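> below are the sequence and a predicted model for it; my questions follow.
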Amino acid sequence: QVQLVESGGGLVQPGGSLRLSCAASGLTPDYIAIGWFRQAPGKEREGVSCIRTSDGSTYYADSVKARFTISRDNAKNIVYLQMNSLKPEDTAVYYCAAGWVYSAQPGDYRNWGQGTQVTVSS
């Protein structure tokens, strides 16, 4: 059974940093990508970043390039999202997901975590 558990969200001031963690278990070799997505109130869920577990290839949405970094610890089965220079528009519920396709599209992912709230506000 695939299980994804996010942690690390919280309240941070603009310009601050947070590191999100996604602990994965039960993944079979079919799962080749872990993605981070976010959904703000009244908006659609959007892809933030994803990583292909086989070779570490990464993708970033334009809105987070140079500010966010995705990484993985294969030994611990954890994928991280380091978020720096946070802006109020980064406020959202952040989800991690596992999929069979290396993609930034939410519909391509099969299993989802419960989400963690990130609020950027002074």
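Nice, I can see it. Treat the numbers as computed from the prediction; the structure is a model and nothing was measured.
> so which residues of the chain form strands?
Along the chain, the stretches classed as strands by DSSP state E are 3-7, 10-12, 18-25, 33-39, 46-52, 58-60, 68-73, 78-83, 92-99, 109-112, 116-120.
> distance from the chain centre to the third one, please.
Relative to the chain's own centre, strand 18-25 is displaced by 8 Å; criterion: CA atoms, centre = their mean, to the nearest Å.
> which parts of it are buried?
Along strand 18-25, these residues count as buried under the neighbour rule (16 or more other CB atoms under 10 Å): 18, 20-24. The C-beta positions use only the backbone N, C-alpha and C, and glycine is treated the same way.
> then the fifth one?
Buried positions in strand 46-52, judged by neighbour count with 16+ other CB under 10 Å: 47-52.
> swap in stretch 62-76?
Across stretch 62-76, burial judged by 16+ other CB under 10 Å covers 64, 68, 70, 72.
> try stretch 88-101
Those would be 90-99, for stretch 88-101 by 16+ other CB under 10 Å.
> which one of those residues is nearest S57?
Taking CB to CB as the measure, S57 sits nearest to G99 out of the buried residues of stretch 88-101, at 13.8 Å.
> which residue, other than its chain neighbours, is closest to the closest one?
Y109 (3.8 Å; CB to CB, 6 or more residues apart in numbering).
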